[in-house]
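Visitor: just a sequence and a predicted model for now, questions to come.
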Amino acid sequence: MAKQNKFLKLLADRVANNLLENEYVIADNPEDFKKKIYEILYNDYIAEKELEEEAEKIIQENAEEVTYRGVSIHKARKLIKERLAKEKGISVVGSIFSREKANYLAGKILRLILTDEELDYTQERGVIRSIIVKSFEEVAKLRKEIDKNVREKIASHSRPIYEGTPEWYALYRRYYNEELIERGLIDAESEV
């Protein structure tokens, strides 16, 4: 598998740990359980990225039409993604940390728990599902906190650094990785 997405890995680990530590789920191999959760999240992430790329391509090909109709690019992208998702049978589109997407993915993870022979569960389905959704909320809160800290660091520079500039993006990535390292979410060596 390609390089792992930091927050998908963190989310998969958080979901698994929240379920395993409380013994809501018993796994023959906890690391395999985490990998299976990551796979569910990663596959959804890839499907979402492909939709975005396809929508962007359609917008580029039809830029004059979009402008002529007076539709904002953001609105056009959203409408195109929704249409493409419907055509491809994808039921929920949006950020992985939106409430709707969290519930959708919690359902997929719950199905894994209910059907995988290497997993057993000790709580009702609703309890397990709520723990999964709570895990999504915890990681979303962490992402917002890190983003806020990074933006504050950039804003604290003696001269203004404007968002959208290459310098701003370079600082954002650097400070973001520093935050992840400080919190023990990634190893310093992995970001060299």
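Guide: Cool, the structure landed. Residues are numbered from 1 along each chain as shown.
Visitor: show me the shaky parts of this structure.
Guide: Screening the chain residue by residue with the criterion pLDDT under 70, one finds the ranges 1-4, 188-192.
Visitor: check it for me, the residue farthest from its geometric middle.
Guide: When distances to the mean C-alpha position of the chain are computed (CA atoms, centre = their mean), the maximum falls on residue 68, with 34.2 Å.
Visitor: residue nearest the centroid of this protein?
Guide: Closest to where the C-alpha atoms of the chain average out (CA atoms, centre = their mean) is residue 96, at 4.1 Å.
Visitor: check the gap between that residue and residue 170 for me.
Guide: In this structure, residue 96 and residue 170 are 25 Å apart, going by CB to CB, to the nearest Å. Any C-beta I mention is one placed from the backbone N, CA and C, and that applies to glycine too.
Visitor: what strand or helix carries the residue farthest from the centre of the chain?
Guide: Mapping residue 68 onto the secondary structure by DSSP states H and E places it in helix 63-69.
Visitor: buried stuff in that helix?
Guide: By neighbour count on 16 or more other CB atoms under 10 Å, the buried set for helix 63-69 is residue 66.
Visitor: kindly export it (C-alpha atoms) in PDB.
Guide: The C-alpha atoms that make up helix 63-69 are tabulated as PDB, following Å, rounded to 0.1, in the frame of the first residue of the first chain:
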ATOM      1  CA  ALA A  63     -15.500  26.600 -17.600                       C
ATOM      2  CA  GLU A  64     -17.300  28.900 -20.100                       C
ATOM      3  CA  GLU A  65     -20.600  27.200 -19.600                       C
ATOM      4  CA  VAL A  66     -20.300  27.500 -15.800                       C
ATOM      5  CA  THR A  67     -19.300  31.200 -16.000                       C
ATOM      6  CA  TYR A  68     -22.200  31.800 -18.500                       C
ATOM      7  CA  ARG A  69     -24.700  30.300 -16.200                       C
END
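Visitor: what about residue 157, which helix or strand?
Guide: When secondary structure is defined by DSSP H and E, residue 157 falls outside every helix and strand.
Visitor: just give me the neighbour total for it.
Guide: Using other CB atoms under 10 Å, the number of residues around residue 157 comes to 10.
Visitor: cool, residue 138 as well?
Guide: Neighbouring residues of residue 138 were enumerated by other CB under 10 Å; the total is 15.
Visitor: number the chain from 13, please
Guide: OK, 13 is where the count begins now, so the last one is residue 150.
Visitor: how close does it sit to residue 25?
Guide: 11 Å.
Visitor: what do you get for residue 47?
Guide: Distance from residue 47 to residue 25, by CB to CB: 10 Å.
Visitor: more crowded one of the two?
Guide: Between residue 47 and residue 25, counted using other CB under 10 Å, the more crowded position is residue 25 (18 against 15).
Visitor: verify the contact between that one and residue 45 for me.
Guide: No: taking CB atoms under 8 Å as the definition, residue 25 is not a contact partner of residue 45, at 10.2 Å.
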